[in-house]
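Enquirer: Sequence unavailable; structure follows:
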């Protein structure tokens, strides 16, 4: 019969031990991630030896104090659970079948966190083609005019300076509508004279705002005094002043780009003096060519010169135009101031005698001459982008013009009755760029680029480490806001270690709750190295199996190991046979067969000991009172005679033999107690009230501060509550 038992569908003896779920087990990866997120650490999961300690905070009973009673104490316990053992004897085949589940401890999890590098954000503003601007000008006030006045400051010039200082209205007679500017130098220095408040010229805007103050400023500029160099270097000073040269110190530029320019010279001497011991022979500025070579012929030079040689003055005759010229000595020999005259004639200027008692007429003539030569010019508020200009005079588009800095010159004829010029343009442009340099050293892989708040895809830009610049594929729009977000360039960790000796084949690595295989494992160094470093702040879980995590040996119940002739272990769900053997009285499985909760059945073919109808089989432990059940073909009474329970063995007889299967079931107190510590911090007399599952009982004993309830009166899983009242 033994040779056929593996093919028979019936099972002689089935012995099943229901797995007891431990109260503490190692965490899953997901649970571990959640715990780290909440607490920042992982606590080891240990076994609480005092499983039935009361539920108060510190292990002692909590007193309850009522207003009209002495304190009382409450303690609550759990009786714990039983473990059920099942076995089946199929007497017809001498087989014992044992059902049980395999045990594998949860994998150990070690957590690490990738470092969190500093975050930076830089904001840039895209350039633009310029701010839009529209200006309107009156054609009647067309013209930008810069006038330089050169005053002889030698000893004889006092009366002439006084006379000239009162002539600003005459100078402005025909140029008052232009955008004029007047600066003054002397025959001794090309440095611009200053007004009382430190300005180096006066302007039309200042005159329009306060004519009296502008006239006062003009007078101060003209009254240069008569203590200057006796050798008057007029040609040099007017030339250098037009070039902004020859002045020691601050001589800020004053001439405007493309302005109409003119010079007025007032002197009673020749260039470089008139005396026989004076002159500048051989100097570059001896001749008018010094001016022509540097300034040219397009700036008219006008002058008030001493034309009589010597002047014949009658100081007592007010009608004599030369009555104030008695201090001017004239020229030592002819010609009269020839280089000044050549300078005036070559540039198209006007001159008159400085000995006139009134300069108004000649200055008005000079003003008219300037006005006739003044271009149709306008000074814009800002330097214009040339390509952006749009001009119209009284609605008619103007195409022929030039622009230099802020000076706009109309080159085509303008009708005398024209009213206004409208100019539209852009100014102050900023170059458009698509390269941006981060303010900190950056990890090239960490960049995020936002254009006006919208994220740019990764393929839209590239970081160039050699220049330290991030370059976009395309130019952002004008005025766009560009934000660069990035991390510090500190190296991210690739290597992470674990502490214990593990089973390498079952190693798992998770990054932020996602399993990965992109790593190299070094079991000798207990280290993993990622192919690519995890991102900032990511959690790394190294999950592994420890040697011994898989339970390989299982107790044999319902059979004597020494009597087993053959063992077979199969998967109850698939029927696949597992590799198993008996070693030292236990079932031993191979490591590869173990999986937590795998349901298996062990079938023993054995020489069964049956003497005088007495069944004898091994038991796991003493059955819990009242838990032993022996059922023969569904009958619970046929095998209840002479049941004997020994330390490791169960014996019983059956009243009948007409059955093939006997089922044995009992419970063992694997996690059960009926004894509880009821000590409190009160040493006086006391009374007790005991409740089981909320029902008061009297069947209990108090022995040396321990509560004992008989097992028959305390069902598994019951809640025990003890009320202790001092008396």
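Expert: Great, that's in hand. Just so it is clear, the model here is predicted, and its values are computed rather than measured. Residues are numbered from 1 along each chain as shown.
Enquirer: show me what contacts the nearest residue to residue 699 once chain neighbours are set aside?
Expert: With sequence-adjacent residues excluded and distances taken as C-beta to C-beta, 6 or more residues apart in numbering, residue 699 is closest to residue 713, at 4.9 Å. In short, each C-beta sits where N, CA and C put it, glycine included. Applying C-beta atoms under 8 Å, 6 or more residues apart in numbering to residue 713 gives the contacts 692, 697, 699-700.
Enquirer: quick check, nearest of the residues you listed to residue 217?
Expert: residue 692 (113.2 Å; C-beta to C-beta).
Enquirer: Can you verify residue 226 is assigned to a strand?
Expert: No: under DSSP: H, G, I helix; E, B strand; the rest coil, residue 226 sits outside any strand and is assigned coil.
Enquirer: For it, grab the count of nearby residues.
Expert: Using other C-beta atoms under 10 Å, residue 226 is surrounded by 16 other residues.
Enquirer: Can you list phi and psi of it for me?
Expert: phi -120, psi 30 (degrees, to the nearest 10).
Enquirer: so how far is residue 265 from it?
Expert: Counting by C-beta to C-beta, to the nearest Å, the separation of residue 226 from residue 265 is 16 Å.
Enquirer: do residue 692 as well
Expert: 128 Å.
Enquirer: What of residue 543?
Expert: 99 Å.
Enquirer: Just the element for the residue lying closest to residue 265 once chain neighbours are set aside, please.
Expert: With sequence-adjacent residues excluded and distances taken as C-beta to C-beta, 6+ apart, residue 265 is closest to residue 303, at 4.2 Å. Take DSSP states H and E as the rule and residue 303 turns out to sit in strand 301-305.
Enquirer: From the neighbour counts alone, determine which of residue 543 and residue 265 ranks first.
Expert: Neighbours per residue (other C-beta under 10 Å) separate residue 543 from residue 265, with residue 265 holding more: 28 against 23.
Enquirer: Are we agreed that that one is in a helix?
Expert: No: under three-state DSSP, residue 265 falls outside any helix and is assigned strand.
Enquirer: which residues touch it?
Expert: 149-150, 234, 238, 301-305, 340.
Enquirer: So residue 220 lies in a helix, does it not?
Expert: Yes: under three-state DSSP, residue 220 sits within a helix.
Enquirer: which residues of this protein fall in helices?
Expert: Taking DSSP state H, the helices of the chain run over residues 29-39, 158-164, 168-171, 204-209, 211-222, 234-243, 289-294, 338-347, 360-373.
Enquirer: and residue 495, bridged to which residues?
Expert: Beta bridges link residue 495 to residue 529, judged by DSSP bridges.
Enquirer: Please tell me how far it sits from residue 509.
Expert: Residue 495 is 12 Å from residue 509, by C-beta to C-beta.
Enquirer: Now for the two: what residues contact both?
Expert: In contact with both residue 495 and residue 509: residue 528, using C-beta under 8 Å, 6+ apart.
Enquirer: Please say which of the two ends up with more neighbours.
Expert: residue 509 (20 against 13).
Enquirer: hmm, back to that, how about the contacts of residue 713 in a markdown table, adding pLDDT?
Expert: Putting the contacts of residue 713 into a markdown table (pLDDT from 0 to 100) gives the following:
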| residue | pLDDT |
| --- | --- |
| 692 | 94 |
| 697 | 94 |
| 699 | 92 |
| 700 | 93 |
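Enquirer: Whichever of these end up buried, select them in ChimeraX.
Expert: Of these, the buried ones can be selected in ChimeraX as follows, counting by 16 or more other C-beta atoms under 10 Å:
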select :692,700
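Enquirer: Looking at the contacts of residue 713, which are in strands?
Expert: Those of the contacts of residue 713 mapping onto strands are 692, 697, per DSSP state E.
Enquirer: from the contacts of residue 713, which is closest to residue 683?
Expert: The closest of the contacts of residue 713, once distances to residue 683 are taken by C-beta to C-beta, is residue 700, at 21.2 Å.
Enquirer: Please name the residues that touch the residue nearest to residue 265.
Expert: 264-267, 340, 344, 349, 351-352.
Enquirer: Same question for residue 499.
Expert: Neighbours of residue 499 in contact, by C-beta under 8 Å, 6+ apart: 110, 526.
Enquirer: and what of the one 5 residues further on?
Expert: Residue 504 makes contact with 521, 523, according to C-beta under 8 Å, 6+ apart.
Enquirer: Can we start the residue count at 30 from this point?
Expert: That works, and once the first residue is 30, the last one we named lands at residue 533.
Enquirer: Just the pLDDT at it, thanks.
Expert: Looking at residue 533, its pLDDT is 92.
Enquirer: Equivalent analysis for the one 4 residues further on, please.
Expert: Per-residue confidence at residue 537 stands at 95 (pLDDT).
Enquirer: where's it relative to residue 208, distance?
Expert: 83 Å.
Enquirer: Next: residue 592.
Expert: On the measure of C-beta to C-beta, residue 592 and residue 208 end up 126 Å apart.
Enquirer: The two: which is more packed in?
Expert: residue 208 (23 against 14).
Enquirer: Skipping its backbone neighbours, what lies nearest the more buried one in space?
Expert: In space, residue 208 is closest to residue 173, 4.7 Å off (C-beta to C-beta, 6+ apart).
Enquirer: was I right about that neighbour contacting residue 288?
Expert: Yes: between residue 173 and residue 288 a contact is recorded at 4.4 Å, counting by C-beta atoms under 8 Å.
Enquirer: which neighbours do those two share?
Expert: Looking at what touches both residue 173 and residue 288 (by C-beta under 8 Å, 6+ apart), the common residues are 406, 436.
Enquirer: This completes my enquiry, with thanks.
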